[in-house]
Structures are given as structure tokens and as C-alpha cells.
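Enquirer: the following block contains a protein sequence and its predicted model.
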Amino acid sequence: MSVAILEELRTDPIRRSGVLVGGSVVGLALAQVHWLGFLVGGALVGLAAPTLRRAVLAGLAFGVLALVVFGVELATAGALGAALGMGQITYLTVAIPLVCGLAGSLVRALV
């Protein structure tokens with residue numbers, strides 16, 4: 001993807017929101033099979049952001065979205081209470097999507 005295409009995408013709000021939604025869906029789908037999906041999702045939503053600050057916020061928002069989706073999955077399976085009561089591993093479960101989404105969004109600083 002060339003820089004000119006990215007700049008054009010970042011200036012069009014409709015295309016940018018489409019990439020944000022698409023990047024979130026792709027990242028969440030990949031995160032179902034491997035944790036690198038959080039990095040990919042953060043990178044995809046970060047690339048669509050017009051500034052680095054908004055890219056970081058988008059990456060963090062992607063991490064929060066991943067946590068919400070995971071919480072809903074656990075709640076529908078009836079395992080949310082048990083998962084929250086696991087102690088220190090719960091902190092790791094919360095930190096991984098947030099940190100990886102944030103780290104992935106930093107690709108915006110390179111492009």
C-alpha cells in the first residue's frame with residue numbers, strides 16, 4: 001500500500017470508518033486463533049488514523065473492544081465469574097489486548 005493511497009484514505013471519513021470497522025473485524029478474527037491478531041488489528045486501525053495520537057487512541061480502543069468481545073463470549077458460556085476469579089492471570093488477560101493493540105497502532109509512526 002503506497003503512502004499516497006493511505007493519505008487519500010485518511011482524508012475521506014467514510015472510507016476511513018470502513019477501514020476501521022474492517023480492520024477491527026480482521027483483527028478480532030485473527031485474535032480468535034492467535035494473539036498476534038491483536039497486533040494486526042491495532043496496526044490496521046492505526047494506519048487509518050490521520051495522526052499518531054489518534055492512531056494510539058484507535059489501537060487502545062481496539063484493545064478495549066477485544067476485551068468486551070471476550071467478556072461477552074465468556075458470559076454467554078457462563079464462565080465470566082470463574083475467569084474473573086482466577087487472580088493474577090486475569091491481569092494478563094486484560095493487559096495483552098490493550099498493550100498489543102497499542103503497540104500495533106504505533107506502525108502509524110512509520111508510515
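Expert: Perfect, I can see it now. Numbering: from 1, shown residues only.
Enquirer: was I right about residue 9 contacting residue 19?
Expert: Yes. Applying C-beta atoms under 8 Å, one finds residue 9 in contact with residue 19, separated by 6.3 Å. The way it works is simple: take the backbone N, C-alpha and C, and place the C-beta from them, glycine included.
Enquirer: the longest helix in this protein is where?
Expert: As assigned by DSSP state H, the longest helix anywhere in the chain is helix 52-77.
Enquirer: buried residues in the helix or strand just after that one, which are they?
Expert: Downstream of helix 52-77, the next assigned helix or strand under DSSP states H and E is helix 80-84. Neighbour counts using 16 or more other C-beta atoms under 10 Å place residue 83 of helix 80-84 among the buried residues.
Enquirer: dump helix 80-84 to CSV, keeping only the CA atoms.
Expert: Extracted C-alpha coordinates of helix 80-84, given in CSV (Å, rounded to 0.1, in the frame of the first residue of the first chain):
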residue,chain,number,x,y,z
LEU,A,80,-17.2,-15.0,33.3
GLY,A,81,-17.3,-15.2,37.1
ALA,A,82,-14.8,-18.1,37.1
ALA,A,83,-12.5,-16.2,34.7
LEU,A,84,-12.6,-13.0,36.8
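Enquirer: what's in contact with the helix or strand following that helix?
Expert: Moving toward the C-terminus from helix 80-84, the next helix or strand (DSSP H and E) is helix 88-105. Helix 88-105 is contacted from outside by 27, 31, 35-36, 38-46, 49, 55-56, 58-64, 66-67, 70, 83-84, using C-beta atoms under 8 Å, 6 or more residues apart in numbering.
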